[in-house]
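Colleague: how would this look folded up:
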Amino acid sequence: ESRQQMKAITSDLRHGLDNAYRELRELLATFRVHMDVRGLDFAIEAAIEEFTRRCGLPISLDNRLVGAPLTVNEEFHVLHVVREALSNILHHAHANNVWIVMALQGNGTVIVTIDDDGVGYHPAGIKESSHHGQTIMKERAFSLGGTINIGPRRNGGTRVKLKFAPKKSQ
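Modeller: Numbering: from 1, shown residues only. Below is the predicted model:
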């Protein structure tokens, strides 16, 4: 019996290491992407290109944030929320399409929505690795003074919705 336990533990460790290496690779790619001085618009486009290359998934972007009064820190957090959402879609959603809408509301609130038409959101069936991604997205939203909601889309799939008021517009 202890042999079976050892196999199970070894398997868990291997799985954990695989996830850690994957997350490290994604983090390194993320930092390389963001160090571009051309700002959020360019970084989002680069992230979409990278994810499309990796998974062949059509990702449509409706960016109405061009010229929005965002700080570098806010741009950084928005980029990373989008990247984390795309990473979750790539690893869990089995989606055929992804839609990203970034908009500045009349009241100055920024809303970033990432939708997919995948298998949908099932909080009960979440693995530890994607749970960390959600925790990180929540922390980013919190540091922006905003909120993030992750849940099912009305037409199937999942919706990630980030809302915050940029510092400069307050």
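Colleague: tell me what the lowest-mean-pLDDT helix or strand in the chain is packed against?
Modeller: When the helices and strands of the chain are scored by mean pLDDT, DSSP states H and E, helix 2-34 comes last with a mean of 78. With contacts taken as 3 or more CB pairs under 8 Å, 6 or more residues apart in numbering; DSSP states H and E, helix 2-34 sits against helix 40-55, helix 72-88, helix 128-143. The way it works is simple: take the backbone N, C-alpha and C, and place the C-beta from them, glycine included.
Colleague: and L70, helix, strand or coil?
Modeller: Here L70 is recorded as coil under DSSP: H, G, I helix; E, B strand; the rest coil.
Colleague: still on that earlier bit, just the angle between the least confident helix or strand of the chain and helix 40-55, please?
Modeller: Using axes from the mean of the first three to the mean of the last three CA atoms, to 10 degrees, one finds that helix 2-34 and helix 40-55 are set 140 degrees apart in direction.
Colleague: for helix 2-34, the distance to its chain's centre please.
Modeller: In this view, helix 2-34 has its centroid 19 Å away from the chain centroid, taken as CA atoms, centre = their mean, to the nearest Å.
Colleague: what residue ranges in the protein are flagged as low confidence?
Modeller: 27-37, 123-131, 169-170 (pLDDT under 70).
Colleague: at 50 instead, please
Modeller: Applying pLDDT under 50 to the chain flags residues 34-35.
Colleague: Chain neighbours aside, what residue packs nearest to P152?
Modeller: Among residues not flanking P152 along the chain, Y121 sits closest, at 4.9 Å (CB to CB, 6 or more residues apart in numbering).
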